[in-house]
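Peer 1: sequence first, then the predicted structure:
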Amino acid sequence: MSRRSEDEKLHLNVNILPSGSHPAAWRSPTGRPHGFIDIALYQEIGRIAERGKLDAVFLADTLALPVDSICDGPTWSLDPVVILSSIAAVTEHVGLIGSASATFLPPWTLARTFLSLDHASSGRAGWNLVTSSDPTSAFNFSADPLPPKALRYEQAAEYVEIVKALWDGWAEDALIADVESGVFADPGRIEAPNHAGAHYAVAGALALPRSSQGRPLLVQAGGSPEGRDLAARHADALFNAQLTLAGAQRYYCDIKKRAEAHGRRGADIAVLPGVEITVGETAAEAWARKNALDELIPRDVRIRHFAAHVGIPAERLQWDEPVPIEFDDLLTSSNMFGFVSAVNDLNVEERPAVGELIRRGGAGHRTLIGSPTEVADSLEEWFEERGADGFNVNIDVFPDGLERFVALAVPELQRRGLFRREYDEPTLRQRYGVG
Ligand SMILES: Cc1cc2nc3c(=O)[nH]c(=O)nc-3n(C[C@H](O)[C@H](O)[C@H](O)COP(=O)(O)O)c2cc1C
């Protein structure tokens with residue numbers, strides 16, 4: 001595969017997990033136990049991200065209280081769009097991407113909410129289309145169980161067409177606002193979706209003109225074949241989980257091919273694996289920070305998190321032994337195909353012990369710990385070798401972990417010509433090359 005040209009730059013988002021991505025973040029000396037409901041902390045994170053010239057902040061979401069794990073730490077709580085709106089108010093450039101469920105929220109409501117955020121932020125909004133994989137969330141919306149994954153993606157395919165039609169409903173010249181003539185808007189240039197399909201019926205247009213970037217950036221995060229196909233058809237950017245470069249390259253190549261099969265250019269969809277970064281002035285300092293955090297969590301709790309994440313009974317796992325289960329079965333039944341297949345890739349390549357799998361990121365995203373040079377080397381390798389167009393960066397503890405990333409890793413990436421020094425594009429879509 002060819003190396004990158006000098007003009008190609010990395011995309012970097014920060015994934016704002018509550019308190020931080022390390023499970024002990026909220027208990028760390030620099031962590032904030034109540035930070036997950038503190039708007040001031042989110043605004044601080046937004047300002048730091050903007051100082052680092054990051055593409056965007058990202059907020060995941062879930063629509064249920066995780067009863068089994070809430071004892072161990074905070075979860076996604078505040079509505080992402082509320083958080084992103086408050087970050088919009090204190091920043092000027094950084095993009096604002098939030099997850100919202102196509103399975104449970106009415107498409108008209110969702111389209112309106114994200115286009116509102118897009119207006120409120122002058123063209124910085126992005127929607128991460130998720131289909132919700134947690135069975136308990138279904139019962140917060142009706143008495144019906146979570147639809148099977150294939151059906152969720154089928155519904156989502158119809159849903160996304162409706163949302164796009166709503167966002168594109170107003171022609172660019174539909175809003176006239178001519179004080180002299182008294183003509184405000186031309187209804188002849190506003191197209192209603194008039195959609196009546198297998199799963200949804202949505203008649204009328206939004207009462208909202210296009211935003212300055214046209215419509216929000218569309219992001220997706222499914223790793224299964226159905227999820228990849230939906231992304232390849234519609235998404236401008238794609239989050240994924242990868243623990244090995246070879247796995248990341250396979251995924252990257254697959255997505256670009258699928259996009260081309262749908263008549264798009266591979267470059268129209270940015271592939272952004274997650275990576276949890278702990279950077280220090282020196283590798284020793286970074287490792288000391290990581291080890292101190294790890295010591296706050298007993299091994300059995302870490303095994304429990306990992307087991308729940310990949311769908312293995314915790315009692316079958318030993319810290320010093322490899323996983324004793326066939327991944328083929330797990331992959332077939334998994335609600336989180338992308339995460340499980342990432343663990344499978346590492347397992348097949350190296351057969352590590354469970355403790356090592358967890359240390360490398362098996363309970364979430366790949367961990368990268370080291371000096372600024374080591375961190376930049378790894379990100380550069382994945383970028384140059386086409387495992388990634390950029391990264392969704394997970395931060396161990398907010399806010400100081402992000403301060404460190406911006407102060408130590410970002411300048412090294414800039415020095416190598418891999419990352420922007422200034423924001424050049426006014427909108428998020430332009431930053432992702434799709435505006
Ligand atoms: C970085 C990343 C962020 C995600 N964020 C969310 C989220 O906010 N809410 C959610 O329900 N699922 C989220 N997911 C899960 C996926 O959207 C998807 O539902 C899940 O991976 C199962 O689909 P799959 O089997 O196609 O991978 C995320 C996945 C990744 C990799």
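Peer 2: Now that the structure is in, tell me what you want to look at. These numbers were taken from a predicted model, which means no experiment stands behind them.

Peer 1: all contacts plus neighbour counts: C-alpha atoms, from now on.
Peer 2: Will do.

Peer 1: could you write out the alpha-carbon coordinates of stretch 85-95 in CSV?
Peer 2: Output in CSV follows, covering the C-alpha atoms of stretch 85-95 (Å, rounded to 0.1, in the frame of the first residue of the first chain):
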residue,chain,number,x,y,z
SER,A,85,-24.4,22.8,23.3
SER,A,86,-22.7,24.0,26.4
ILE,A,87,-19.3,23.3,24.9
ALA,A,88,-20.3,25.1,21.7
ALA,A,89,-21.0,28.2,23.9
VAL,A,90,-17.4,28.4,25.1
THR,A,91,-15.5,27.3,22.0
GLU,A,92,-15.2,28.5,18.3
HIS,A,93,-13.7,25.7,16.3
VAL,A,94,-13.8,22.3,17.8
GLY,A,95,-16.3,19.9,16.3
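
Peer 1: surely residue 426 touches residue 92?
Peer 2: No: Residue 426 is beyond contact range of residue 92, at 9.2 Å (criterion: C-alpha atoms under 8 Å).

Peer 1: tell me what residue 218 is bridged to.
Peer 2: Assessed by DSSP bridges, residue 218 has beta-bridge partners residue 127.

Peer 1: would you check that residue 123 makes contact with residue 213?
Peer 2: Yes: if you go by C-alpha under 8 Å, residue 123 and residue 213 touch, sitting 4.9 Å apart.

Peer 1: any common contacting residues for these two?
Peer 2: Common neighbours of residue 123 and residue 213 (criterion: C-alpha atoms under 8 Å, 6 or more residues apart in numbering): 427-429.

Peer 1: of those residues - the most surrounded one?
Peer 2: residue 428 (27 neighbours; other C-alpha atoms under 10 Å).

Peer 1: give me every residue that touches the closest residue to that residue other than its chain neighbours.
Peer 2: Leaving aside its sequence neighbours, residue 428 sits nearest to residue 124 (C-alpha to C-alpha, 6 or more residues apart in numbering; 4.9 Å). Applying C-alpha under 8 Å, 6+ apart to residue 124 gives the contacts 93-96, 118, 213, 216, 427-429.

Peer 1: again, 7 Å this time
Peer 2: Going by C-alpha atoms under 7 Å, 6 or more residues apart in numbering, residue 124 touches 95-96, 118, 427-428.

Peer 1: for the stretch 301-435 of the chain, what lies in contact range of the ligand?
Peer 2: 335-338 (C-alpha under 6 Å from any ligand atom).

Peer 1: rerun that using 8 Å as the cut-off
Peer 2: Residues of the stretch 301-435 of the chain lying near the ligand by C-alpha under 8 Å from any ligand atom: 334-339, 392.

Peer 1: as JSON lines, those with secondary structure would be great.
Peer 2: Below are those laid out as JSON lines (DSSP: H, G, I helix; E, B strand; the rest coil):
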{"residue": "334", "secondary structure": "coil"}
{"residue": "335", "secondary structure": "coil"}
{"residue": "336", "secondary structure": "coil"}
{"residue": "337", "secondary structure": "helix"}
{"residue": "338", "secondary structure": "helix"}
{"residue": "339", "secondary structure": "helix"}
{"residue": "392", "secondary structure": "strand"}
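
Peer 1: of those, closest to residue 133?
Peer 2: Among those, residue 335 lies closest to residue 133 (C-alpha to C-alpha), at 5.8 Å.

Peer 1: name the element residue 115 belongs to?
Peer 2: Here residue 115 sits within helix 107-120, counting by DSSP states H and E.

Peer 1: buried stuff in that helix?
Peer 2: Using 16 or more other C-alpha atoms under 10 Å as the burial criterion, the residues of helix 107-120 that qualify are 107-108, 110-112, 114-120.

Peer 1: and the longest strand for this structure?
Peer 2: strand 270-279 (DSSP state E).

Peer 1: which elements pack onto the next helix or strand after it?
Peer 2: Using DSSP H and E, the helix or strand that directly follows strand 270-279 along the chain is helix 283-295. In this structure, helix 283-295 packs against strand 270-279, strand 366-370, with contacts taken as 3 or more C-alpha pairs under 7 Å, 6 or more residues apart in numbering; DSSP states H and E.

Peer 1: following element in sequence after helix 283-295, please.
Peer 2: Following helix 283-295 in sequence order, the next helix or strand is helix 299-310 (DSSP H and E).

Peer 1: from the contact counts, what lies against the next helix or strand after that next one?
Peer 2: Proceeding N to C from helix 299-310, the next assigned helix or strand is helix 327-333, under DSSP H and E. Counting by 3+ C-alpha pairs under 7 Å, 6+ apart, the packing neighbours recorded for helix 327-333 are helix 337-350.

Peer 1: residue 198: neighbouring residues, count only.
Peer 2: Residue 198 has 9 nearby residues by other C-alpha under 10 Å.
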